[in-house]
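**Q** Mind looking at a prediction? Sequence and model below.
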Amino acid sequence: MSDFVRGLRLWFAPERIREEGDTPDYRFSLANERTFLAWIRTALALIGGGFAVDQFLPGLAWGVRAGLALGLLAAGVLCALRAVDHWVRCERAMRRGEDLPASRFPALISLVVAVVAVAMVVVVLFGWEGR
Amino acid sequence: MTTAERDPGLQPERTRLAWRRTTLACTVVALLAVRQALHGGTAPAGALAVALSLLAWLGFLCVAHRRVTGMGAARPVPLSPRHALTAAACTVALAVFAAATLF
C-alpha cells in the first residue's frame, strides 16, 4: 500500500522519477509511451461507447441506458487513470533496472467489457423498451 | 533528424503515429460530446458543455502537438509525467462530462 502511495506521489512530483536510476535507452521510453497511448485510446473508445449508448439507443428504458453508459464510462475513466499509473511504474522500473510490473488490470477490463457485451445482448434480445 | 544515427526500428515515427491515432480517437469522442450538448435543450448549460468539451479536446491537442514536434529530434526526450497526466485528465474530463449529461 505504501508503494501505491509513493507511486501516486510520483504522479504529481514528476521530477522525482528523474532522480533515481539511470536514464534508459530512449527507444524503451518511446515504447513505454506508445503503450500508454494505446491504453488512452482504449479509454477513449470506452468513453465513446458510453456516449454512443446514450445517444444512439433512445428506445431503451432510461435505467438500462444509464446503467450501460455509466459502466462503459467508469471503465474508461479507470483505464485512463491506470494508463498513467502503469506508465509511471514502468518508467521507474526501467530506470532502476527492475522487472516491469505485472498487472491484473487487462483481465479486469476484459471482464468488464464482456459483462457489458452480455448485458447488451440480453437487452437487444428481450427488448427492454420502457419509456 | 540525422540519417546517420536514425533508429532502424523507426521508434520516433511509430510514436508520432500513435499520438496521431490517439488524437483522432479524442476528436471523435469530443465530437460526440458536442453532439450530445447540442441536443440537450437549455442554451446556457449547452454552451458551457460545448466549451468544456472543446477545452478538454484542445488540451489533448496541445500535448499531442508538442510530442509530435518533439519526435523530430534525433533522440527524442521521454514523455514528461505532466504531459501524461494532462492527456489522461482530458480523457477523464470527457467521461465526467458524458456522465453529467446522463442526468
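**A** That came through, no problem. Numbers count the residues shown, from 1 in each chain, chains lettered A, B, ... in the order given.
**Q** what's the neighbour count on whichever residue of chain B sits closest to chain A?
**A** Closest approach between chain B and chain A, counting by C-beta to the nearest C-beta: residue B:81, at 3.2 Å. (Each C-beta comes from the backbone N, C-alpha and C, glycine too.) Residue B:81 has 21 neighbouring residues, counting by other C-beta atoms under 10 Å in any protein chain shown.
**Q** Also residue A:114?
**A** A count of neighbours around residue A:114, defined by other C-beta under 10 Å, yields 10.
**Q** where's it relative to residue A:75, distance?
**A** 11 Å (C-beta to C-beta, to the nearest Å).
**Q** now residue A:92
**A** Residue A:92 is 26 Å from residue A:75, by C-beta to C-beta.
**Q** of those two, who's got more company?
**A** Set residue A:92 next to residue A:75 and count neighbours by other C-beta under 10 Å: residue A:75 wins out with 25 against 18.
**Q** give me every residue that touches that one.
**A** By C-beta atoms under 8 Å, 6 or more residues apart in numbering or on different chains, the contact set of residue A:75 is A:46, A:109, A:112, A:113, A:116.
**Q** Please report the distance of the residue of chain B closest to chain A from residue B:63.
**A** According to C-beta to C-beta, residue B:81 stands 12 Å off from residue B:63.
**Q** ditto for residue B:89
**A** The gap separating residue B:89 from residue B:63 is 10 Å, by C-beta to C-beta.
**Q** Nearest residue to residue 27 in space, ignoring adjacent ones along the chain?
**A** Defaulting to chain A. residue B:11 (4.6 Å; C-beta to C-beta, 6 or more residues apart in numbering or on different chains).
**Q** please go with chain B instead
**A** Residue B:27 sits nearest to residue B:57 (C-beta to C-beta, 6+ apart), 6.8 Å away.
**Q** My read is that the one you found contacts residue B:90, right?
**A** Yes: applying C-beta atoms under 8 Å as the test, residue B:57 and residue B:90 come out as touching, 7.2 Å apart.
**Q** Of these two, give the one with the bigger neighbour count.
**A** More neighbours surround residue B:90 than the other of residue B:57 and residue B:90, with 26 against 21 (other C-beta under 10 Å).
**Q** Can you give me the pLDDT of that one?
**A** As predicted, residue B:90 sits at a pLDDT of 90.
**Q** which stretches of chain A form helices?
**A** A:2-12, A:15-19, A:26-56, A:62-96, A:105-126 (DSSP state H).
**Q** So the residue nearest to residue B:27: helix, strand or coil?
**A** Counting by DSSP: H, G, I helix; E, B strand; the rest coil, the backbone at residue B:57 sits in helix.
**Q** List the residues that contact it.
**A** Applying C-beta under 8 Å, 6+ apart, the residues contacting residue B:57 are B:26, B:27, B:30, B:90, B:94.
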